[in-house]
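A.B. asks: predicted model, plus sequence, below.
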Amino acid sequence: MVYNAPITLEATSTSGLPVTFEVAQGPATIEGNILTLTGEEGTVKVKAIQAGDGTQWQPAPTVTRTFYVVDPENYAPEITIRRPYEGTKVYMPDFENPVMIVLSAYIDHANAIKFEQVKCNVDGQELYLKTDYPDNPDNGYWYTTWTPSGEGSYNMTVSITQTGGKVTTASNTFDVTTDYDDMVVSAMNGEMVATTSQFTDHGEYAFPTHVNAFNAINLHYLHNCVNGDCNTYDHISYVRVKNYRGEWVELCRYITPFRKECVDDLDVTDFTSVLQGLVEFEYYSEQYATGQGYNPTAIFEYTKGSPEYPYVDMREIWYGNYAFGDYSDLCPIPTRTVEFDPCVEKANLQITTSGHNWSDTDNGAYNTGNAAEFYHAHHNININGATTYTQDLWETCQPNPAGCINQLGSWTYPRAGWCPGSMTMVWDYSLDDYLADGHADVLYEFDPTYVDQCHPNYPDCVSGQNSCPDCDNSSNPILRVSGKVVTYSHNTDILTEVPELPDVDAEPFNVSITPNPARGQMTITTDYDKGKASVVIINSMGAKVKGFSVDGQRTIDVSDLPSGMYFVHIIGGKVVTRKVMIQN
């Protein structure tokens, strides 16, 4: 900050000779080792110099450190009042249950400029908002609860006090009513598109703010293709939404059909506390070289009625792609300790799992049992060290569960948790027996009887034997998992007193690929420490072009690959993906 106190600089040299400092650039001065800011904004570069002694020691290379000095008066947050959204209505049958107020706010240099106070005033009632991520500049969601005094129009003003005392405000107007009926809300509307060059798209859509008003929400999902030109193959697609804490949660997962447009329905009532106000959507679909892209529409049908519980919280405790049957890491999903607030009255573990791989059978690269897509697995849900539930991960596809028939390809064959042209299966397991203890240790254990004997980490794998032409080929199975803890209550504490959870989207190990763009060769480096990581390189048409393993670091020849963009999947417990440009 421009008004920071003078800074004491420290540096040492291996020779023991003194180090001096000088300002090479920017709004600062140095006297000795004391750096003083001049009160202006800008980039400061400081040099540390060891000049040698002219006899025994030569001068050391100069070391430069750079930092940016921020004047908080030059910046203001971008505020979006998300709930209740501008000009919309709040639906409630009575005024016994509070609704949530939610806003998002972002500011440049968020690592330095903090929001010291966020509050709102609703027709004279002052409320203070909280955030679960005060130090995360990529997550600026703030929330509180509010109970209206009755029906009518309300004016709300939000004010944010930032570092340095500057105050920024934003206002909106909304209505509260007890007069409502069933309603339909449309989102995505063909506006969010996944193409061969962009798998992911984002949008924002307005939903009703409500409490205790609707007892069911149904998602009617229309899988549309741009100009009716659909992809030849079946691919993973999903929709994620941001909750009031600013966390992404998977709303649904849909496996695209072979060259068709189809529809499916899904009960999303458990998202009742998420699908309110102005909601951020993320749409992802693998869309390779055939077809012009996907642009679905999501229609939400709200049914008027009193739900069993007015408040539902949903926390995603696992999310991503995980290796299946890796001998060195047979249980890659971590145990989560789930904490229950005393107000929780009911709890479920909700799991969506679909099995996939990059099997390259045309080149003779197999894995054991043609897993994970066509392997009938039984996974365990272990709670407090005991196997409590078993998940039978298999779905019959003839008839198609969503009625998506007359496809091309292999759509009729049963699969691990999904069928082309339908939503993936969703399992609910009760956690009610653990509420009294206030917590439970939950582990999702992949089928312990399955080991991929063609995996590079399998000690007895011999290339050319047991249907394993090449143990290093990386045609290894993966499971895509979304695991959520869903809790229910009549008390808003279930939403506002949420125990901290680890970042489920965090990458479990580091990967670097150099150079990028690559010409002729590229080096993959990883700190995965549970054996060899499998590596699969996919081209823009979705075809596997190389498969191998890496143990720490490996340099490979890519001179035989045409220039273009490639996806590199590194499978080590969880899957880490990098994009690489090859220029040959």
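C.D. replies: Looks like it arrived, so ask away. Numbers count the residues shown, from 1 in each chain.

A.B. asks: contacting residues around stretch 333-345?
C.D. replies: Applying C-beta atoms under 8 Å, 6 or more residues apart in numbering, the external contacts of stretch 333-345 come out as 309, 317-318, 322, 347, 431, 434-435, 438-446, 481, 483, 485, 487-491, 493-494, 497-499, 501-502. For every residue, glycine as well, the C-beta is placed using N, CA and C.

A.B. asks: work out for me the element Asp313 sits within.
C.D. replies: strand 311-323 (DSSP states H and E).

A.B. asks: could you list which residues are in contact with the residue positioned nearest the centre of the chain?
C.D. replies: In the chain, the centroid-proximal residue (C-alpha atoms, centre = their mean) is Asp505; its distance is 4.8 Å. With C-beta under 8 Å, 6+ apart as the criterion, the residues that contact Asp505 are 248, 319-320.

A.B. asks: that one and Ile538, how far apart?
C.D. replies: 21 Å (C-beta to C-beta, to the nearest Å).

A.B. asks: quick one, strands of the stretch 101-250 of the chain?
C.D. replies: 115-122, 125-128, 141-146, 152-162, 167-177, 183-187, 200-207, 209-210, 214-223, 236-242, 248-255 (DSSP state E, counting those that start in this stretch).

A.B. asks: tilt between the third one and strand 115-122?
C.D. replies: Here strand 141-146 runs at 40 degrees with respect to strand 115-122, directions being taken by axes from the mean of the first three to the mean of the last three C-alpha atoms, to 10 degrees.

A.B. asks: please save the CA atoms from strand 141-146 in CSV.
C.D. replies: Coordinates of each C-alpha in strand 141-146 appear next as CSV, following Å, rounded to 0.1, in the frame of the first residue of the first chain:
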residue,chain,number,x,y,z
TYR,A,141,-19.5,-14.1,-2.4
TRP,A,142,-21.0,-12.5,0.7
TYR,A,143,-24.3,-13.5,2.4
THR,A,144,-26.7,-13.1,5.3
THR,A,145,-30.3,-13.8,6.2
TRP,A,146,-33.2,-11.4,6.4
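
A.B. asks: helices or strands up against it?
C.D. replies: Judged by 3 or more C-beta pairs under 8 Å, 6 or more residues apart in numbering; DSSP states H and E, strand 141-146 is in contact with strand 99-106, strand 115-122, strand 125-128, helix 493-496.

A.B. asks: any idea which of the strands of the stretch 101-250 of the chain is most buried?
C.D. replies: A comparison of those by mean neighbour count, using mean count of other C-beta atoms under 10 Å, puts strand 209-210 on top with a mean of 24.

A.B. asks: after the strand holding Asp313, heading C-terminal, what element do we hit next?
C.D. replies: strand 336-339.

A.B. asks: can you list the strands that that next one pairs with?
C.D. replies: Looking at strand 336-339 with DSSP bridges, its partner strands are strand 439-445 (antiparallel).

A.B. asks: shaky segments in the stretch 451-584 of the chain?
C.D. replies: By pLDDT under 70, the stretch 451-584 of the chain has no low-scoring segment.

A.B. asks: just put the strands of the stretch 101-250 of the chain in CSV and tack on distance to Asn357 and mean pLDDT.
C.D. replies: Listed next are those as CSV, based on distance: least, C-beta to C-beta, whole Å; pLDDT from 0 to 100:
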stretch, distance to Asn357, mean pLDDT
strand 115-122, 45, 95
strand 125-128, 50, 96
strand 141-146, 36, 96
strand 152-162, 48, 96
strand 167-177, 49, 96
strand 183-187, 32, 97
strand 200-207, 22, 96
strand 209-210, 42, 96
strand 214-223, 23, 98
strand 236-242, 12, 97
strand 248-255, 14, 97
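
A.B. asks: ok so Asp270 is a strand residue?
C.D. replies: No - in this structure, Asp270 is helix, not part of a strand, as judged by DSSP: H, G, I helix; E, B strand; the rest coil.

A.B. asks: how about the contacts made by it?
C.D. replies: Asp270 is in contact with 312, 314, 350, 486, counting by C-beta under 8 Å, 6+ apart.

A.B. asks: closest to Val44 out of the residues you listed?
C.D. replies: Minimum distance to Val44 across the contacts of Asp270 is 45.1 Å, recorded for Met314 (C-beta to C-beta).

A.B. asks: with Ile299 as the reference, measure out to the closest one.
C.D. replies: The value you get for Met314 to Ile299, if C-beta to C-beta is used, is 21 Å.

A.B. asks: tell me which of those two has more neighbours.
C.D. replies: When neighbours are counted by other C-beta atoms under 10 Å, Met314 and Ile299 differ, and Met314 comes out ahead with 20 against 17.

A.B. asks: my guess is that one meets Lys484, correct?
C.D. replies: Yes - using C-beta atoms under 8 Å, Met314 is in contact with Lys484, at 5.3 Å.

A.B. asks: in contact with the residue lying closest to Val241 once chain neighbours are set aside, which residues?
C.D. replies: Using C-beta to C-beta, 6 or more residues apart in numbering and skipping the chain neighbours, the partner closest in space to Val241 is Leu251 (5.0 Å). Neighbouring residues of Leu251 by C-beta under 8 Å, 6+ apart: 219, 238-241, 268, 271.

A.B. asks: wait, which of these is closest to Glu10?
C.D. replies: Using C-beta to C-beta, those come closest to Glu10 at Arg240, 45.4 Å.

A.B. asks: which residues does that closest one bridge with?
C.D. replies: Glu250, Glu282.

A.B. asks: who's in contact with it?
C.D. replies: By C-beta under 8 Å, 6+ apart, the neighbours of Arg240 are 248-251, 281-282, 284.

A.B. asks: how about Val485?
C.D. replies: So Val485 contacts 314-315, 317, 338, 347-350, 431, 442 (C-beta under 8 Å, 6+ apart).

A.B. asks: show me the domain layout of this protein.
C.D. replies: 7-69, 74-177, 511-582 (automatic domain parsing).

A.B. asks: same list (those domains) but as a markdown table, adding distance to Tyr233.
C.D. replies: Converted to a markdown table, these look like this (distance: least, C-beta to C-beta, whole Å):
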| stretch | distance to Tyr233 |
| --- | --- |
| domain 7-69 | 47 |
| domain 74-177 | 33 |
| domain 511-582 | 7 |
